[in-house]
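Undergrad: Sequence first, then the predicted structure, then my questions.
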Amino acid sequence: MAARSRGTELGSDFIKTSTGKETVNATFPVAIVMLRAIRDFFWKTGNKVGFKPAGGIRTAKDSLAWLSLIKEELGDEWLKPELFRIGASSLLSDIERQIYYHVTGRYAAYHDLPMS
């Protein structure tokens, strides 16, 4: 059966760990259950469902852990924006700080970064 890149028989393109507004947000134990359900659904139907961990992902290091989890559980095909997105509004600031450090050798002051 040829796999479709998006959509399911029930109409969902993505499942999401949370809204990011709760006290407890994206956690690895819950994500593993969700990712394995996505994988099982794909094996059964050939339909790919995306995944979006949201909330509690604040640093570039956090995002790398999530990328590794996706790769291990679902494979490289899911490491695309069509199938994997990180819900982390505060992550941009950390990535910007890390790039600044890589380029200058020092961490930026608050006023150095326009997105902060």
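TA: Sure thing, it's come through.

Undergrad: buried ones in the longest helix along the chain?
TA: As far as residue count goes, and with DSSP state H defining each element, the longest helix of the chain is helix 28-45. Neighbour counts over helix 28-45 (16 or more other Cβ atoms under 10 Å) mark 31, 34-35, 38-39, 41-42 as buried. For the C-beta atoms, the positions are set from N, CA and C on the backbone; glycine is no exception.

Undergrad: I'd like the residues you listed as CSV, with pLDDT and distance to residue 80 appended.
TA: Output for those, formatted as CSV (pLDDT from 0 to 100; distance: Cβ to Cβ, whole Å):
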residue, pLDDT, distance to residue 80
31, 91, 18
34, 93, 18
35, 95, 15
38, 94, 14
39, 96, 16
41, 92, 18
42, 94, 14
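
Undergrad: what's the most distant pair in the residues you listed?
TA: Largest separation among the buried residues of helix 28-45 by Cβ to Cβ: 31 and 42, giving 16.1 Å.

Undergrad: show me where the chain has helices.
TA: According to DSSP H, the chain carries its helices in the segments 28-45, 60-74, 91-104.

Undergrad: Could you name the helices and strands sitting against the shortest one?
TA: Helix 91-104 sits against helix 60-74, with contacts defined as 3 or more Cβ pairs under 8 Å, 6 or more residues apart in numbering; DSSP states H and E.

Undergrad: Give the other helices and strands that the helix it packs on contacts.
TA: Against helix 60-74 (3+ Cβ pairs under 8 Å, 6+ apart) you get helix 28-45, helix 91-104.

Undergrad: so where is this structure shaky, pLDDT-wise?
TA: 1-12, 19-24, 89, 114-116 (pLDDT under 70).

Undergrad: who are the neighbours in contact with the residue minimising distance to the centre of it?
TA: Averaging the C-alpha coordinates of the chain gives a centre point, and the residue nearest to it by Cα atoms, centre = their mean is residue 86 (3.2 Å). Residue 86 makes contacts with 52-54, 57, 63, 66, as judged by Cβ atoms under 8 Å, 6 or more residues apart in numbering.
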